[in-house]
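how does the following fold in three dimensions:
(one chain, ligands or ions: 2)
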Amino acid sequence: MAKYIVLGAQWGDEGKGKIVDLLSGKMDLVVRFQGGANAGHTVIIGDKKYVLHIIPGGIVSGKATNVIGNGCVVDPIIFSEEVKYLQDKGVKVSPDKLIVSSQAHIVTPVHKYLDKVLNKKIGTTGRGIGPAYGDKIHRTGIRAENILDGSFIDRFCEHAGNYKSICDQVYDEPFIDVDEAVAEMEKAGKYLKPYIQDSIEVIYGFLKKGANILYEGAQGTFLDIDHGTYPFVTSSSTSIGGAYTGSGVFMEFDKRIGIVKAYTTRVGEGPFPTELNDATGERLRKNGNEFGATTGRPRRCGWLDLKLLKRSFMINGFNYISLSKLSCLSGFEKILAAVDYDSKGQPVYKEFPGWEEEVEGITDISKLPANCVKYIDFIEEYLETPIGMISTGPDRNNIIFKEALF
Ligand code: IMO
Ligand code: MG
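Ligands and ions are numbered 1, 2, ... in the order given. I've put the predicted structure just below:
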C-alpha cells in the first residue's frame, strides 16, 4: 500500500493527467480536493484521448473509486456532461465508483455570469470558479448536501434573485435568464444526486484498509490562492495544504510528486519572469502544442524558472520529481534556466548547450543525449530532489523511470 499526491509545481498544465493515469491503474482510491472544471487533464490510453475537467483521472482505468472532495466546486451541468462524455467513450461511471462530497460547493450559472463580469483582467477559464469560492467564504454558498435535503432549488432561486437585483443595477452585461437556469439546475441536480455522499467516511475507510491512494491536484502551485501570484491566481488551495482541508482526512503521503514541465507555461494574465515573447517562445508553444485543454487559449511559454520552483518545493515538500515534456526541447541551440533574479527582478540565467537528437519515446535513460542529461542533472541538483521519472512524449509508454514509483 502507498499514498501518493501529485501536484503541479508551476502554473498548471504540467502534465498531471498522464502521471495520474499511470498511477491510477494501481490505485484503489483517487481524490480531487480542490478546484472545479477549470482543470483540463488529458489522459491518453492507446489511441483514445480523454479530457477530464472535474472527474478524477482514476475513472478511466475502471478500477479505482474516485472522490470529488469537499474542497472542490462542482458545476452540476458540466458534471453531467462529463459523465455522459465518458460513458459515450465506453468508460463505466456509476455512483459506486464516483463520489461527490456532500460538503462540496455548487457552481451555478450565476457564478459563470459573475466570472465574466468580475474577473476579466485575470483571464480566468470562465467556469465560475472564483465566484463559487467567493460565496463559500461569504457563507452564502450552496452545497451538494442541499440537493440531498431538498433545499437546492429554493436556495438557488434566492441566490439568483439576490444577485440579479444587484447585477441589473451595476453591470451592463445582461443577467442570465433565471427561469431557464432554474430548469437547468433542477435537471442537473437530479443527475448529480446519486453521486453525493459524506466523502470523509469513504476516504477514511480506504485509509484504514491500507488501500493505495492517490490525491490528484489541479492547477499549479503558483495559482494557489495563498501562495500564487495573487491576484492572478485561481481561488483554491492548489498546494499540499489544500489536500488536507479539501478532503478532510489526514494522511502521510509516501510520495509527494511535483510535476515539473521542462520549461514554463502559463495561461491567463499575471507575472511570468522567464516568458519569451519571441520566436523561441513561439517554437516552444508549437513543439509542446501549448494550447489550453479547457479554453483552447494559446499558453504563454518561457524557459524553466528554477528559482521559482525552489519556492514551490519549500511549500509542498516534494520528494519525487516527475519531469514532463522533455521531448519538446530537442533542436534548440541552447537552453536556459533561471537560477536567480537580479535587483530589478529580472531572471539570471544559466545556459546549457542544446541537443539535436529526438528524445520522444525514449524509455532508457542511457539513450538520452549527453547534453540533455546535463540539463536534467542540474535540475535535480538545484532542487535537491530526485527526478523519479521523465516523460518523453504524450503516450502512456513514453516514460523513463529513474526511481521506482510503486
Ligand atoms: P490544470 O489543472 C492552467 C488559470 C486561468 C487563470 C487563473 C484563474 O489543467 O493545470 P480560474 O478559472 O481558475 O478562476 O482562473 O488560473 N487556470 C489554469 N491554468 N491550468 C489549469 O488547470 C488552470 N486552471 C485555472 O487561466 O489565469
Ligand atoms: Mg490544463
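
ok, for whichever residue of the chain sits closest to ligand 2, nearest residue in space, not its chain neighbours?
Proximity of the chain to ligand 2 (CB to the ion) peaks at G40, 3.4 Å away. C-betas here are computed from N, CA, C, even on glycine. Of all residues not flanking G40 in the chain, A293 sits nearest, at 2.8 Å (CB to CB, 6 or more residues apart in numbering).

buried ones in stretch 255-273?
Across stretch 255-273, burial judged by 16 or more other CB atoms under 10 Å covers 255-268, 270, 272.

on that earlier part again, can you verify my assumption that the residue of the chain closest to ligand 2 contacts Y50?
No - using CB atoms under 8 Å, G40 makes no contact with Y50, being 11.0 Å away.

any idea how far the residue nearest to L192 when sequence neighbours are not counted is from V117?
Nearest residue to L192 in three dimensions, chain neighbours excluded: P76, at 4.5 Å (CB to CB, 6+ apart). Using CB to CB, to the nearest Å, we find P76 at a distance of 22 Å from V117.

repeat for M1
To V117, M1 is 48 Å away according to CB to CB.

comparing those two, which shows the higher neighbour count?
V117 (14 against 11; other CB atoms under 10 Å).

doesn't that one lie inside a helix?
Yes - counting by DSSP: H, G, I helix; E, B strand; the rest coil, V117 is located in a helix.

next up, the contacts around it.
167, 171, 173 (CB atoms under 8 Å, 6 or more residues apart in numbering).

helix/strand/coil for the first one?
Meaning C167. What three-state DSSP gives for C167 is helix.

would you mark the buried spots in stretch 154-171?
155-156, 159-160, 163, 167.

again, but for stretch 386-397
387-394.

and the pLDDT for whatever residue of the stretch 251-400 of the chain ends up closest to ligand 1?
For the stretch 251-400 of the chain and ligand 1, the shortest gap (CB to the nearest ligand atom) falls at G268, measuring 2.1 Å. As predicted, G268 sits at a pLDDT of 92.

excluding chain neighbours, give the residue nearest to it in space.
Among residues not flanking G268 along the chain, G123 sits closest, at 3.3 Å (CB to CB, 6+ apart).

can you pull the phi and psi angles for the one you found?
phi 70, psi 50 (degrees, to the nearest 10).

if I look at K136, how far off is P271?
K136 is 27 Å from P271, where distance means CB to CB.

repeat for C72
Separation of C72 from P271 (CB to CB): 27 Å.
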